[in-house]
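> Build me a model from this:
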Amino acid sequence: MDILLLLIETIADTIISIARLALFLIPILILIELARHYQVIEKITGRVKGFLRFLTLPQEAAFPLLGGIFFGIVLGSALIIDYARNGYLKKRDLLLIGIFLSISHSIVEDTLIFSVFGANPVIMLGTRTILAIVITRIAASVIDYFAAGEA
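The predicted structure is shown next:
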């Protein structure tokens, strides 16, 4: 009987978690589609061209990257999945975005939270940003090196 109750509670908790996630992501994805339609994304991504060029990422990578940096890994991954399904990003680009975001996701939010507990925000922002840029650039070079060897 205890196992049945545990199973029912687990299923209920899972459904509630999925519903919460959907309530968060669906409006955001609708806003993204509206932003695409009204070409807001192009205006935003045009401002980070140089940064993307340094990371050897296409301009299409800007929005998922910025979403993950400012709003966290959940939104970033939703954008990445959406862009991948629509064919905007290649596997190489997806890997590099994943590397970058694994280091610097939700950098603004995390910095604010840890600053409350006494962390130095300049050191946190600087360290995570520099590490993300350097490691992503190294990964891009390694990927390109091995891709050139296969050709």
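
> Pop the domain breakdown of this protein in here.
Following automatic domain parsing, one finds the domains of the chain at 1-38, 48-150.

> Of these, which stretch is the most buried?
Among these, domain 48-150 has the highest mean neighbour count (mean count of other CB atoms under 10 Å), at a mean of 16. Yep, even glycine has a C-beta here, placed from its N, CA and C like the rest.

> gap between the two ends of that one?
Length of domain 48-150, first residue to last, CA to CA, to the nearest Å: 31 Å.

> now stretch 45-59
Where stretch 45-59 begins and where it ends lie 6 Å apart, using CA to CA.

> okay, and the helix or strand of the chain with the least pLDDT?
Least confident helix or strand of the chain, by mean pLDDT, DSSP states H and E, is helix 40-46 with a mean of 78.

> So what's the gap between that helix and the chain middle?
Relative to its chain's centre, helix 40-46 lies at 17 Å (CA atoms, centre = their mean, to the nearest Å).

> same check, this time on stretch 79-96
The answer for stretch 79-96 is 11 Å, by CA atoms, centre = their mean.

> Identify the residues contacting Val48.
When contacts are counted by CB atoms under 8 Å, 6 or more residues apart in numbering, Val48 touches 62, 65-66.

> what's the single longest helix in the chain?
Taking DSSP state H as the assignment, the helix of the chain that covers the most residues is helix 2-37.

> name the helices or strands packed onto it?
helix 40-46, helix 73-85 (3 or more CB pairs under 8 Å, 6 or more residues apart in numbering; DSSP states H and E).

> and if we set it to 6 Å?
The helices and strands touching helix 2-37, judged by 3 or more CB pairs under 6 Å, 6 or more residues apart in numbering; DSSP states H and E, number zero.

> Please shift the residue numbers so they start at 47 in all later answers.
Done: numbering now begins at 47, and the last item shifts to helix 48-83.

> what angle sits between it and helix 119-131?
If you take axes from the mean of the first three to the mean of the last three CA atoms, to 10 degrees, helix 48-83 sits at 60 degrees to helix 119-131.

> Just confirm Phe146 contacts Ala178, I think it does.
Yes: Phe146 is within contact range of Ala178, at 5.0 Å (criterion: CB atoms under 6 Å).
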